[in-house]
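> Build me a model from this:
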Amino acid sequence: MITASSTSPNTKLERKLDAFAQHLCARRGLAECTIQDYTGTIRRLYPTIGLNPPHHVLDSLIVKMRKAGASYSHVVNTSLALERYTEFIGNPIQLGRPKKPKRIIRGTLTEAEITLMLAACRNIREQAILTLLAYSGLRNKELCGLKIADVDVASQIVHVHGGKGQKDRDAFISPACAGMVLKYVQSERPGARPEAPLFVTVQKGNPYGTQDLRKLVHVVARRAHIQKRVWPHLFRHSLATNMLIRGAHILAIKEQLGHAFVETTMVYLHAVPTAMQGQYRFFSPSYL
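All right, here's what the predicted structure looks like:
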């Protein structure tokens, strides 16, 4: 039997984090991914702040992060986790937020680069994963969470359940992409039930994870000799910019990506100034 005096620091930490996770779920109603992020942040910071951090320690931590040049999202996400945790332990703190920088999407993949990556795939499974990622614009976690029944090959629609913000939505795919997914299911997942995961790991057949997808994208990009950093979310950015270059309306891109607000989608206009220039040239009046 473990007594209070013999309980290790790690045991105390895990018990506290378990209670914190229950608090976030029951009292705050947060999604599981958010709960994992917040508890993971406290676990990472535990050696620095302890289980009952005083406010001056947290102030110093945020100042150190800002001076070190931590990203806006990293500072804000850490602040949110600390605010929720200090609220949970009964010593709440309100931390300031840095001004959100104006984001410009850079380094997206061209159609030619994506074509090279798809050609560098070594089997139908790799082709299906990357083709679906490229044509749908799904987030990493959304793609990994797909079931076989979520891809409507006939209608060329992917049904996303519990996406960002716990929202359900539909994303379109091309006929070629739908055909690739169908070929994969017929050859690699014969007899699988409709509610089974669409993609699984090769060795153990476990549901495909976000880290698995990151590794695959990195490996295939290296095979294709892509001279830039490539990660799964870059395909999402690339779909938006390539659609803009082809003349797609910003609202069509918003719906495809599942953005709640058009302002989020507008960031891609700054990444593709030639798209706006083309619109201007087409619609500008003729005075001379």
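> okay but Gln94 is in contact with Arg84, surely?
No. Shown here, Gln94 and Arg84 do not form a contact pair, counting by C-beta atoms under 8 Å, at 11.7 Å. Just so you know, the C-beta spots here come from the backbone N, C-alpha and C atoms, and that holds for glycine as well.
> which residues in the stretch 151-288 of the chain form strands?
With DSSP state E, counting those that start in this stretch, the ranges of strands along the stretch 151-288 of the chain come out as 151-152, 157-160, 169-172.
> ok so, going back, which one of Gln94 and Arg84 has more residues nearby?
Arg84 (22 against 9; other C-beta atoms under 10 Å).
> What is the neighbour count of Ser155?
Counted with other C-beta under 10 Å, Ser155 comes out at 12.
> and it, what pLDDT?
If you check Ser155, the pLDDT there is 96.
> go on, Glu263?
Reading off the model, Glu263 has pLDDT 88.
> highest average neighbour count across the strands of the stretch 151-288 of the chain?
Mean neighbour count (mean count of other C-beta atoms under 10 Å) peaks for strand 157-160 among those, with a mean of 20.
> which other helices and strands contact that strand?
Strand 157-160 sits against strand 151-152, strand 169-172, with contacts defined as 3 or more C-beta pairs under 8 Å, 6 or more residues apart in numbering; DSSP states H and E.
> Run the chain-centre distance for it.
17 Å (C-alpha atoms, centre = their mean, to the nearest Å).
> neighbouring contacts of it?
Contact with strand 157-160 is made by 132, 136, 138, 142, 146, 149-152, 168-173, 258, as judged by C-beta atoms under 8 Å, 6 or more residues apart in numbering.
> How about stretch 79-87?
20, 24, 28, 37-38, 41-42, 45, 49, 53, 58, 61-62, 92-97.
> Report pLDDT for Met276.
For Met276, pLDDT reads 79.
> ok, now the one 5 residues further on?
The predicted local confidence for Arg281 comes out at a pLDDT of 83.
> go on, Gly107?
90.
> Can you find the helix or strand of the chain with the lowest average pLDDT?
Each helix and strand of the chain was given a mean pLDDT (mean pLDDT, DSSP states H and E); the minimum falls on helix 273-283 at a mean of 81.
> Residues contacting that one, please?
244-245, 247, 269.
> Same question for stretch 33-45.
Under C-beta under 8 Å, 6+ apart, the answer for stretch 33-45 is 13, 17, 20-21, 24-25, 30, 61, 77-78, 80-82, 84-85, 141.
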